[in-house]
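J.: please find the sequence and the predicted model below.
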Number of protein chains: 2
Amino acid sequence: MQRVADLDTPSMVVDLDRLEGNIARLQASLDSLGLANRPHIKTHKIPAIGHMQVAAGAVGITCQKLGEAEIFADAGFHDILIPYNLVGAPKMERLVRLARRVKMTVAIDGGVAAQAIAAACDAAGVEVTLLIEIDTGMHRAGVQTPGEAQSLARQIADSPGVRFGGLMCFPTKPAMGDFRSEATDLLARDGIAIDQFSGGGTGSHAVSKAAGCTEHRSGTYAYNDLSVWRAGNCELDHCAMSVLVTVVSTSCPGFSTVDGGSKTFTNDALQASGMNGHVREYPEIYLEKMSEEHGVLNLSRVAEGAPRPRVGEKVRVVPNHACGTTNLHDVVYGYRVRGARPADGSLTGDEIIEVEWPVPARGKIR
Amino acid sequence: MQRVADLDTPSMVVDLDRLEGNIARLQASLDSLGLANRPHIKTHKIPAIGHMQVAAGAVGITCQKLGEAEIFADAGFHDILIPYNLVGAPKMERLVRLARRVKMTVAIDGGVAAQAIAAACDAAGVEVTLLIEIDTGMHRAGVQTPGEAQSLARQIADSPGVRFGGLMCFPTKPAMGDFRSEATDLLARDGIAIDQFSGGGTGSHAVSKAAGCTEHRSGTYAYNDLSVWRAGNCELDHCAMSVLVTVVSTSCPGFSTVDGGSKTFTNDALQASGMNGHVREYPEIYLEKMSEEHGVLNLSRVAEGAPRPRVGEKVRVVPNHACGTTNLHDVVYGYRVRGARPADGSLTGDEIIEVEWPVPARGKIR
């Protein structure tokens, strides 16, 4: 019987009770709102967790890259949304192959991408549903006005090989309600209906409901992380994922150094305050800065005489960004706590490894 | 014959002429200074490039993790330094196995790590050379005073299984010259000599020479990146590595979006100015911000009427941090430019792929 405390470090570990709780809680919220759940698998990149989400009630999944969709199609997922402009001949070939075996929906924001997808699907005799992405203020993709959505919807409706499905945005913002209403009216003049309106963002599902979305995409909620916690969208005890690390140096006064840095945690969402990781075993200590392989814990809030981490001691650090961290780990260990959880969050030795998951969709940049 | 322009995106690409030039240039500098060259492989994580460095004159290599050292030992490297505290029983077992087949040197900064390595090596009948790490101001590891170095050197000298080799620091700072002199005098009282003093940091080799180092560890110099360029330690034309990406959206006024973000480039060394990637084909455009899969190019410096990237166009982006970027890519394509290089840096179609390297030491977090 292997325990978390027995693992070599760094190792990504997931508290299965918390993971299951997070999956059940969001599903219940979406059910009560009448929104379909289409979780984004980028957070875990593990088919087994995707199957837990579908078993809880998800209607399908969201993948950001074709390489992720290929892994999940192989693993038995039948309804996949890629909310991302797919551009270029190799990607058209792969999309067509996927569309032959699963229901594929793709969100685009321009005529070039729409035309290329339509041509490839038409030539191959398959059909893909297209959604139109709306820019909600991130200025990274998305049409800017209902009028642009109307032109693009017309083009899609007139193209063989693709079916116009509706709209997509990330993250959902309240203004999307007005956008949707205007676009609905404009498209109605051409006899085009918006069947699907896909909103997104962990913690934004109530906004999606208010904006008239039909479904919601959340990713990080499965694990949660410090960014979700800082935004007020989870409790610290809802953070299911952490990375087990070992203290390797106490030579620098005021600090302890662990054997995981930005190659283990990423530099995503770095905080000016220096609070870049929550140490479960020492809540008053925080991950202040990172090199690639060094994580420097700040001890300034440890009371005089209170215990400090010793060289060789293992602690779990909850990172700023779960999805980026997942992308750095080839394996994840799922554990369950046997017996009572200690109030101070410490490792008791009763964290029993129940599953060792490879992360097959890690690193799928294409 | 495959060209860079034919690759699906994102793809990490390396200009082989520039890579070879970087390797030759640093080796010549170290030769003229009389410093041994022990390059850090973390930048490329590819044995074939390590062999190029050794063929140019490197005396051995530096790896940060045992997993990297195992890959490189398998690939024929005989002299490996790990400048990092190794802590914990699984790592002792792996260090001993490595020491049976290659010359292993490890830098430590405390008695616990030194004692555990000595005990493991002694029990196994192998010998590892230990260096003592000195803190040069990063406050992540390293003894603080020559007196601490003296105590630790005594402990090592008295321990079977390990041999005291000398000192190690990163990055080398001028003050290390005084530290070394004091430590040399203190250790001489115990009859202990400092044979090896290993300095480090791309661009810091002259400082290493001045501080009395015997060898120098550089990593990033092989590829170079925007951080090295900003520090004044390379020309932009010495940046050998870039990532080929495709423009996927031009919907947001003032921006173009490419299909690589922080999952392709990392968020390492983010600049307050927003200049987080140099676009080879459009020097006036820069990578301003990233989501995981979106890279947003700022077009504000493009002259009125000048060409702008179109959807479907491929460009190469030189990242902030080469080593972090390498860690996100499973494959790297090496190319050579046939014919003249265009003055504006554009892809000509004559960038011919010469080699496709897997990156076997990628993701070796343990």
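T.: Happy to help now that I have it.

J.: ramachandran angles for the residue lying closest to residue A:44 once chain neighbours are set aside?
T.: What sits nearest to residue A:44 in space, not counting adjacent residues and going by C-beta to C-beta, 6 or more residues apart in numbering or on different chains, is residue A:222, at 5.6 Å. Glycine gets a C-beta too; all of them are placed from N, C-alpha and C. Main-chain dihedrals, residue A:222, degrees, to the nearest 10: phi -60, psi -50.

J.: tell me the pLDDT of residue A:222.
T.: On the pLDDT scale, residue A:222 is placed at 98.

J.: equivalent analysis for residue A:105, please.
T.: 98.

J.: just checking, what packs against the helix or strand where residue A:248 lies?
T.: Assigned by DSSP states H and E, residue A:248 belongs to strand A:241-249. Counting contacts by 3 or more C-beta pairs under 8 Å, 6 or more residues apart in numbering or on different chains; DSSP states H and E, strand A:241-249 packs against strand A:11-15, strand A:255-258, helix A:262-265, strand A:314-319, helix A:322-326.

J.: nearest to residue A:202, of those?
T.: Ranking those by distance to residue A:202, with C-beta to C-beta as the measure, places helix A:322-326 first at 9.6 Å.

J.: pull out the buried positions in that closest one.
T.: Under the neighbour-count criterion of 16 or more other C-beta atoms under 10 Å in any protein chain shown, helix A:322-326 has A:322-326 buried.

J.: restrict those to those near chain B?
T.: A:323-324 (C-beta under 8 Å from any C-beta of the partner chain).

J.: which residue is the nearest non-sequential neighbour of residue A:152?
T.: residue A:132 (5.3 Å).

J.: quick one: contacts of the helix or strand that neighbour falls within?
T.: When elements are assigned from DSSP H and E, residue A:132 belongs to strand A:128-135. For strand A:128-135, the external contacting residues (C-beta atoms under 8 Å, 6 or more residues apart in numbering or on different chains) are A:81, A:83, A:85, A:95, A:99, A:103-109, A:114, A:117, A:121, A:141-144, A:149, A:152-153, A:156, A:161-170, A:176, A:179, A:196, A:198, B:251-252.

J.: counting neighbours, what do you get for the closest residue to residue A:238 other than its chain neighbours?
T.: In space, residue A:238 comes closest to residue A:224 once its chain neighbours are excluded; the distance is 4.9 Å by C-beta to C-beta, 6+ apart. As a burial measure, residue A:224 scores 26 neighbours (other C-beta atoms under 10 Å in any protein chain shown).

J.: confidence score at the residue lying farthest from the centre of chain A?
T.: Going by C-alpha atoms, centre = their mean, the residue of chain A most distant from its centre is residue A:305, 40.6 Å out. With respect to pLDDT, residue A:305 scores 91.

J.: tell me which stretches of the stretch 201-350 of chain A form helices.
T.: A:205-210, A:226-230, A:262-265, A:322-326 (DSSP state H, counting those that start in this stretch).

J.: export those to JSON lines and append columns for mean pLDDT.
T.: JSON lines is the format used below for those (pLDDT from 0 to 100):
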{"stretch": "helix A:205-210", "mean pLDDT": "97"}
{"stretch": "helix A:226-230", "mean pLDDT": "98"}
{"stretch": "helix A:262-265", "mean pLDDT": "98"}
{"stretch": "helix A:322-326", "mean pLDDT": "98"}
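
J.: reformat the ones you listed as TSV; add distance to residue B:192.
T.: Output for the helices of the stretch 201-350 of chain A, formatted as TSV (distance: least, C-beta to C-beta, whole Å):
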stretch	distance to residue B:192
helix A:205-210	65
helix A:226-230	46
helix A:262-265	34
helix A:322-326	43
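
J.: mind showing which ranges of the stretch 51-200 of chain A have poor pLDDT?
T.: For the stretch 51-200 of chain A, no stretch has pLDDT under 70.

J.: interface residues of it facing chain B?
T.: A:64-65, A:84-88, A:90-91, A:109-110, A:112-113, A:116, A:135, A:138-144, A:148.

J.: buried ones only from those residues, please, as a ChimeraX command.
T.: Selection of buried members from these for ChimeraX, criterion 16+ other C-beta under 10 Å:
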select /A:64,65,84,85,86,87,88,91,109,110,112,113,116,135,138,139,140,141,142,143,148
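
J.: and residue A:345, what pLDDT?
T.: 77.

J.: torsion angles phi and psi at the residue nearest to residue A:238?
T.: Per degrees, to the nearest 10, the backbone of residue A:224 is at phi 60, psi 170.

J.: show me what contacts it?
T.: A:22, A:202, A:233-234, A:238-241, A:322.

J.: can you name the next helix or strand after the strand holding residue A:132?
T.: helix A:146-157.

J.: and for the residue nearest to residue A:258 when sequence neighbours are not counted, the neighbour number?
T.: Closest residue in space to residue A:258, ignoring its immediate chain neighbours: residue A:245 at 3.9 Å, by C-beta to C-beta, 6+ apart. Counted with other C-beta under 10 Å, residues neighbouring residue A:245 total 28.

J.: is it true that residue A:245 touches residue A:314?
T.: Yes: the criterion here is C-beta atoms under 8 Å, and residue A:245 meets it with residue A:314 at 6.9 Å.

J.: what touches both of those two?
T.: Shared contacts of residue A:245 and residue A:314, defined by C-beta under 8 Å, 6+ apart, comprise residue A:9.

J.: let me know how buried the residue nearest to residue A:44 is, in neighbour terms.
T.: 28.

J.: just residue A:114 next, same as before
T.: 22.

J.: residue A:231 contacts residue A:201, doesn't it?
T.: No: the pair residue A:231 / residue A:201 is not scored as a contact, 9.7 Å apart, by C-beta under 8 Å.

J.: those two: which is more packed in?
T.: Each of residue A:231 and residue A:201 has its neighbours counted (other C-beta under 10 Å); residue A:201 has more, 23 against 13.

J.: so what's the residue nearest to residue A:258 bridging to?
T.: Listed by DSSP bridges, the beta-bridge partners for residue A:245 are residue A:315.

J.: for the stretch 251-366 of chain A, what lies in contact range of chain B?
T.: Neighbours of chain B within the stretch 251-366 of chain A, by C-beta under 8 Å from any C-beta: A:251-255, A:257, A:259-260, A:262-264, A:266-270, A:289, A:291-294, A:296, A:310-312, A:323-324, A:327-330, A:363, A:365-366.

J.: among the residues you listed, name the buried ones.
T.: Among these, those buried by neighbour count (16+ other C-beta under 10 Å) are A:251-252, A:255, A:257, A:259-260, A:262-264, A:266-270, A:289, A:291-294, A:296, A:311, A:323-324, A:327-329, A:363, A:365-366.

J.: quick one on the thing from earlier: tell me the one of the contacts of residue A:224 nearest chain B?
T.: Set against chain B, the nearest of these by C-beta to the nearest C-beta is residue A:322 (11.3 Å).

J.: check the gap between that closest one and residue A:265 for me.
T.: 10 Å (C-beta to C-beta, to the nearest Å).

J.: can you list the domains in chain A?
T.: Listed domain ranges for chain A are A:4-11+A:226-358, A:16-222 (source: automatic domain parsing).

J.: now the end-to-end length of the shortest one.
T.: So that's domain A:4-11+A:226-358. Its first and final residues considered, domain A:4-11+A:226-358 spans 16 Å by C-alpha to C-alpha, to the nearest Å.

J.: can you map out the strands along the stretch 51-200 of chain A?
T.: A:61-62, A:79-82, A:103-108, A:128-135, A:162-170, A:196-200 (DSSP state E, counting those that start in this stretch).

J.: wait, which of the ones you listed is closest to residue A:357?
T.: Among the strands of the stretch 51-200 of chain A, the nearest to residue A:357 by C-beta to C-beta is strand A:61-62 (16.5 Å).
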